[in-house]
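Colleague: pasting the sequence and the predicted coordinates here, then a few questions.
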Amino acid sequence: MDEKKGSITQKNKMNRGEEIQLIATTAFGLEAIAAREIKALGYEVLETENGRITFQGSFEAICRANLWLRTAERVLLKVGSFNARSFEELFEKTKALPWSRWIPENGVFPVSGKSIKSQLASVPDCQAIVKKAVVESLKKTYRKDWFEEKGSQYAIEVALLKDRVTLTIDTSGSGLHRRGYRESYHQAPLKETLAAALVMLSYWNPDRVLVDPMCGSGTIPIEAALIGKNIAPGMNREFASQHWEWIDPALWRQARKETHDLADFQRPVNIQGYDVDENAIKMARRYAFNALDSHELHFERRDVAEFGSRYHYGCLITNPPYGERMGSVDELEELYTTMAQRFMELDTWSVYVLTAYPELERIFGKKADRRRKLYNGRIECQYYQYQGPRPPRRDQIGSAEK
């Protein structure tokens, strides 16, 4: 039995250059950004759907995509896809897939699921059927009736959309927004993946000052610093697929070496964060140090009413409160009026605001140059983009007014 298992593993290691299909999942609205990231890594994008980008690459793509993708939520290995309108059809077509190629004899393979506009609407039933079908498939290869499931995890997802079934194995483990620098996630109002997208959708570059005047625990400034220094967001964390026996450990070593070789740790950035909450500022400083191993980012307690800057041609990127954390409609109106007064004074700056508050353009007194619909969790938001003038000369970028 061990000899057979070993031969399967060795075969996969020898064929590590073969092409496989992967799926990067994203929040709605971030698909195009994630697709650009995937192409920048050198992989072919096969299909872009709502919340999913299918792409092709060799086994090393599992390692590099997990380490480098800033706006994706997870990287999934696509095992198979087919149409199914009955539970019997779901069972037989799942069983026919080559599960033993991916899941070893002692692998842990929990099954999660989701169903949208499918005749197979019962997710628990779909999960149970897929689990049973995978077990039956593995029995044929390993010639066992029972599996201990004490090894590495190969989490399976069955996703049904209009009777189309897609079966995947999660290569990431924890979501990719968990970069490793944040100590607590339950209170974070903005995911790291979305914060990175806000920076990537702006015209900011590391030669310009970037300020978040309502930074909370510092997610936007920290993600901007990682982008500015070309530090891979997954550099300091682990992934489920690191422990998969059919991925040669040399691939992970090579991919991690690449993240260190390409990072520009010494590149200076001028990034500032302000917030009225002193505890939030303390967390921001701690998380920034965790992420960058330095105190280079500037965080300071300051109310947005006191915000101003001596710098020309900067970028302001922020995610202010929009109802959930404010006491009344009047308080919200007062906050946005204050924001308008302070932000619009920076007439040489580019201003970017993500909010679900519908009156921002009215209060700001002008239409945004661009608006983009994004989702912060389940909340539909607009990303308002006010483009400032292009800096006239490189030596004026970030220079003081006086």
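Modeller: Okay, I see it.
Colleague: which parts of this structure belong to which domain?
Modeller: Domain assignment of the chain by automatic domain parsing yields the ranges 2-170, 192-232+269-389.
Colleague: switch those over to a markdown table; also include mean neighbour count.
Modeller: For the C-beta atoms, the positions are set from N, CA and C on the backbone; glycine is no exception. What follows is these, written out as a markdown table (neighbours: other C-beta atoms under 10 Å):
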| stretch | mean neighbour count |
| --- | --- |
| domain 2-170 | 18 |
| domain 192-232+269-389 | 19 |
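Colleague: as CSV, these with distance to Arg178 and mean pLDDT would be great.
Modeller: CSV is the format used below for the domains of the chain (distance: least, C-beta to C-beta, whole Å; pLDDT from 0 to 100):
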stretch, distance to Arg178, mean pLDDT
domain 2-170, 10, 91
domain 192-232+269-389, 8, 94
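Colleague: do you know which of these lies nearest Arg179?
Modeller: Closest to Arg179 of the domains of the chain is domain 192-232+269-389 (C-beta to C-beta; 5.4 Å).
Colleague: between the two ends of that closest one, how far is it?
Modeller: Terminal residues of domain 192-232+269-389 lie 28 Å apart, using C-alpha to C-alpha, to the nearest Å.
Colleague: what do you get for stretch 106-113?
Modeller: 22 Å.
Colleague: contact partners for Phe265?
Modeller: Listed by C-beta atoms under 8 Å, 6 or more residues apart in numbering, the contact partners of Phe265 are 229, 231.
Colleague: and the pLDDT at it?
Modeller: Phe265 is assigned a pLDDT of 96 by the prediction.
Colleague: looking at this, it is in a helix?
Modeller: No. Going by DSSP: H, G, I helix; E, B strand; the rest coil, the assignment for Phe265 is coil, not a helix.
Colleague: let's see stretch 295-303 as CSV, backbone CA atoms only.
Modeller: Output in CSV follows, covering the C-alpha atoms of stretch 295-303 (Å, rounded to 0.1, in the frame of the first residue of the first chain):
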residue,chain,number,x,y,z
HIS,A,295,8.2,52.0,12.2
GLU,A,296,8.4,53.8,8.8
LEU,A,297,4.7,54.5,8.6
HIS,A,298,3.4,57.5,10.5
PHE,A,299,0.2,57.0,12.6
GLU,A,300,-1.2,59.8,14.8
ARG,A,301,-4.4,60.4,16.7
ARG,A,302,-6.2,63.3,14.9
ASP,A,303,-9.8,64.1,14.2
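Colleague: how far out from the middle of the chain is it?
Modeller: Remark: stretch 295-303 is offset 25 Å from the chain centroid, using C-alpha atoms, centre = their mean, to the nearest Å.
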